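Visitor: missing the sequence, but the structure's below:
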């Protein structure tokens, strides 16, 4: 009997961690951090509800922190197995986890508690990574095989097809990880599974339909034009993987085609700059149109007026540059990174504009601003929100409701007996579950945290 339990991203978005048990063996799909008001919430420090030393393998769908961020803690608590993922995911996870260790150390020092994990734990856990190719069925053990398929979410992301020998009968489990908002300007499109006995699917944007890519680019163009015309500062909180690269791609297009004025544009995130370097390393994972642009000499991540600011001093110098200007800074939820500093400088100015392009978790600074709080606290300072605040959804790297349903409808040979709906706020879980019932006549299940389900 195969058993499945959910230890994160269960009726919420962050903290992905799924446990699969079969024939006395155990593996995880993802081991992510919970995100909210602080980078490392108290929930992350809790003991795992399973024995880390009993986990043989971790299969990592991609390198976002809500999917990989507790791997060093898993190692610290006794895990010594193998971690399987694509090569791009390994490289991106390495820089993400190193950066997280520094932030966690700073938070621990400021709040007088032990850090969740240290840089040494990151170095040690990275030694356990092994890379797998896309679209090849790989034998992990006599009872377990896996195939990684392109999820179209971020560079290196994969949904995973597991083939498990259950008392002589092979059963197929498909874990979506995060499904992409294809087509992407840069990376390849989301692939499809043909059939499964059970599917675990995300539901982050299962209640909504994203605006078109063209509409999003036009909103970005107007935001730059309007902010520049009034001599203001446009701030864009970014996630360092995919969001940054997509926005740079579109800014490159807008600038080279003279659709926006030549204003200073700053990428103020050492981590995002490192991620750009890793993207350059894996051009073979780009879609054909991006590869053709590069082939004919276009640097899709560079254009006149763009400046990368690596050091803290360079970051502070941005404030000495007279507006208009555009600042792209992490983190995407305004928790950690360099964006809080820029918000302190500009959020209380009516000429400023704060443009959200990513999901904002409940409790995060970004969610508080987005929901209309007139006063917020940044680094223990009260700040009045006077800047214009707006949102673009087309830059989301998550599939919306139509794309999720299209992906699920392709899984028909065989049709899954159960579809577990997770990685979404509870109302999104329920909306997707209802659509699954009506449109594909499937059996949806919104799992409970820690409960064991038999497959």
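Guide: Perfect, thanks for sending it. On a predicted model such as this, the values are computed, not experimentally measured, just so you know. Residues are numbered from 1 along each chain as shown.

Visitor: please tell me how far the residue nearest to residue 231 when sequence neighbours are not counted sits from residue 343.
Guide: Spatial nearest neighbour of residue 231, excluding adjacent residues (CB to CB, 6 or more residues apart in numbering): residue 323 at 5.1 Å. For every residue, glycine as well, the C-beta is placed using N, CA and C. According to CB to CB, to the nearest Å, residue 323 and residue 343 sit 15 Å apart.

Visitor: for those two, indicate the residue with more neighbours.
Guide: More crowded of residue 323 and residue 343, by other CB atoms under 10 Å: residue 343, with 26 against 18.

Visitor: tell me the secondary structure for that one?
Guide: helix (DSSP: H, G, I helix; E, B strand; the rest coil).

Visitor: the closest residue to it other than its chain neighbours: neighbouring residues, count only.
Guide: Once flanking residues are discounted, residue 343 sits nearest to residue 378: 5.6 Å by CB to CB, 6+ apart. The tally of other residues near residue 378 (other CB under 10 Å) stands at 16.

Visitor: surely residue 378 and residue 365 touch.
Guide: Yes - counting by CB atoms under 8 Å, residue 378 does reach residue 365; the two are 6.8 Å apart.

Visitor: what's the overlap in contacts for those two?
Guide: 340, 343 (CB atoms under 8 Å, 6 or more residues apart in numbering).

Visitor: what distance do you get for the residue nearest to residue 343 to residue 113?
Guide: 21 Å.

Visitor: likewise residue 444?
Guide: Residue 444 is 40 Å from residue 113, by CB to CB.

Visitor: try residue 374
Guide: 32 Å.

Visitor: who has more neighbours out of these two?
Guide: residue 113 (12 against 8).

Visitor: quick one: secondary structure of that one?
Guide: Going by three-state DSSP: residue 113 is coil.

Visitor: and it, what is it in contact with?
Guide: Applying CB under 8 Å, 6+ apart, no residues qualify as near residue 113.

Visitor: got it, and residue 331?
Guide: 237, 238, 239, 240, 337, 339.

Visitor: neighbours of the third one, how many?
Guide: Taking other CB under 10 Å as the criterion, the count of residues near residue 239 is 24.

Visitor: I figured it hits residue 332, correct?
Guide: Yes - using CB under 8 Å, residue 239 makes contact with residue 332 at a distance of 3.8 Å.

Visitor: what's the overlap in contacts for those two?
Guide: By CB under 8 Å, 6+ apart, the residues touching both residue 239 and residue 332 are residue 358.

Visitor: let's see the pLDDT reported for the residue nearest to residue 155 when sequence neighbours are not counted.
Guide: Spatial nearest neighbour of residue 155, excluding adjacent residues (CB to CB, 6+ apart): residue 88 at 4.9 Å. Looking at residue 88, its pLDDT is 98.
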